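1. any chance you can model this:
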Amino acid sequence: MGLKLQPIERDAWQNFQKTMPSGSLFHRWEWQDILEEGFGLRVERLGLFDEMGVLKGLLPLVERKMSLLKLAGCPLSGAATPHSGPLGSVPLNEVLSALEEYASENRIDYLELGLPEVMGKEDLEQKGYTVELLTTLELPISNQVEPLWAGLEVRCRNAIRKAEKSGVEVVEAQTLEEWLDLYYDLSCGVYHRQDKEPPFSKEYFTALWQNLYPSGDLIVLLARYEGKIIAGQIFPRDRNVGYYLDGVSDREYNKVVPNNLIQWEYLKRASAMGIQLYDMVGANIPSIAKFKKSFGSTERNYLYAYRNRTLAARVGRTVYAKHGATIKKFLRRSQ
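-> Okay, here's the model as predicted:
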């Protein structure tokens, strides 16, 4: 008898997470609340227990129904969670065996896992997972501003100077009402130009604010130009790790480069707050990766893996891969 996945209470979850040496925002109990409140998803907060009943790890499993299929992931695609996976020092092959047993008992058709490192590819493939290599961008944060400025590329420093000389001002939101509608309208503008719906709802932004801002773990920065909010970016954190979660802007004002200035203002705040590592979250779109790299960040690879546990899941994923865009458009028009 090996490890077993079982539901766990909040106190035990939080006490275990405190034993981890660095920040782990996407494993926090509050983050699972955000997913439930902001996306309407179900999150099973599972503990990994050994034969003696000792807690060895955590695994937040996000579940979603899609037609007749039951999908689950840690994280699950579309749930605004770039990193997750099992938390603890348990061997991955034992975690996968426990997860397979849980998935079988709960009739899960499809599984996803995201691992923060590149180790474990062989274990995943032996269990029937398809494994992909993804990339994020990270920046160590100095406790002094001068090294941060020196680490910026010349074009980035010039863009920051241009924004300042143009009169762009960066303000930090103090209340939800101060930024929610403005930010969401900018988000709609960004995605509607691409014939897409914004991925995040007002409910999601509200859940972010209500669960993280009171503890000082969320910063929302807005760029104001000639009295108008023209851009905004969202930065959550856990202990000494900060994240760039989302950003929007009005392209009519690209000429005054507000996004560079917002990032720079965040770096200064992160330094003052004692954040040691800034994860800019994602480097798989070349134009966005180029922007993030201009701040001195470097690439780090991690693993994303998925497994179709049933024939229905295999067929459904194949159809969606071929016709996903058409299906999304049809669903939007039928609402």
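2. domains of this structure?
-> 4-134+303-334, 142-275 (automatic domain parsing).
3. helices along the chain, start to end?
-> In the chain, the segments counted as helices under DSSP state H are 10-17, 29-39, 92-105, 121-126, 145-151, 154-166, 176-192, 202-212, 258-273, 286-293, 311-334.
4. adding mean pLDDT, distance to K228 and mean neighbour count, write these out as TSV.
-> Glycine gets a C-beta too; all of them are placed from N, C-alpha and C. Converted to TSV, the helices of the chain look like this (pLDDT from 0 to 100; distance: least, CB to CB, whole Å; neighbours: other CB atoms under 10 Å):
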stretch	mean pLDDT	distance to K228	mean neighbour count
helix 10-17	95	41	14
helix 29-39	97	27	20
helix 92-105	96	49	18
helix 121-126	94	48	15
helix 145-151	97	28	14
helix 154-166	98	13	16
helix 176-192	96	9	16
helix 202-212	98	20	19
helix 258-273	97	11	21
helix 286-293	92	22	14
helix 311-334	60	29	12
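5. which one of the domains of the chain lies closest to A283?
-> Nearest to A283 among those is domain 4-134+303-334 (8.4 Å), distances taken as CB to CB.
6. from the chain's centre, how far out does the closest one sit?
-> Distance of domain 4-134+303-334 from its chain centroid, counting by CA atoms, centre = their mean, to the nearest Å, is 14 Å.
7. how about stretch 294-305?
-> On CA atoms, centre = their mean, the centre of stretch 294-305 falls 13 Å from that of its chain.
8. which of the residues in it are buried?
-> Buried residues in stretch 294-305, counted by 16 or more other CB atoms under 10 Å: S294, F295, G296, S297, Y302, L303, Y304, A305.
9. quick one: contacts of that stretch?
-> Contacts to stretch 294-305, defined as CB atoms under 8 Å, 6 or more residues apart in numbering, come from residues 83, 112-118, 120-121, 124, 129-139, 148, 151-153, 155-156, 260, 263-264, 267, 278, 280, 283.
10. next: stretch 16-32.
-> 10, 13-14, 43, 45, 47, 55, 57-58, 60, 75, 81-84, 87-88, 211-212, 215, 217, 236-241, 243, 277.
11. residues touching the residue nearest to L261 when sequence neighbours are not counted, list them.
-> Nearest residue to L261, sequence neighbours excluded (CB to CB, 6 or more residues apart in numbering): A163, at 3.9 Å. Contact analysis of A163 by CB under 8 Å, 6+ apart lists A223, V256, V257, P258, N260, L261.
12. any idea how far the fourth one lies from R193?
-> So that's P258. Distance of P258 to R193, given as CB to CB, to the nearest Å: 17 Å.
13. can you report how many residues lie near the residue lying closest to V220 once chain neighbours are set aside?
-> In this structure, V220 finds its nearest non-sequential neighbour in A173, 4.1 Å apart by CB to CB, 6+ apart. By other CB atoms under 10 Å, 20 other residues sit near A173.
14. now swap in E252 and tell me
-> 9.
15. pull the number of nearby residues for the residue lying closest to it once chain neighbours are set aside.
-> Once flanking residues are discounted, E252 sits nearest to I230: 7.9 Å by CB to CB, 6+ apart. Here the number of neighbours of I230 (other CB under 10 Å) works out to 22.
16. likewise for P236?
-> Using other CB under 10 Å: P236 sits among 25 other residues.
17. distance of it from L245?
-> For P236, the distance to L245 - CB to CB - is 6 Å.
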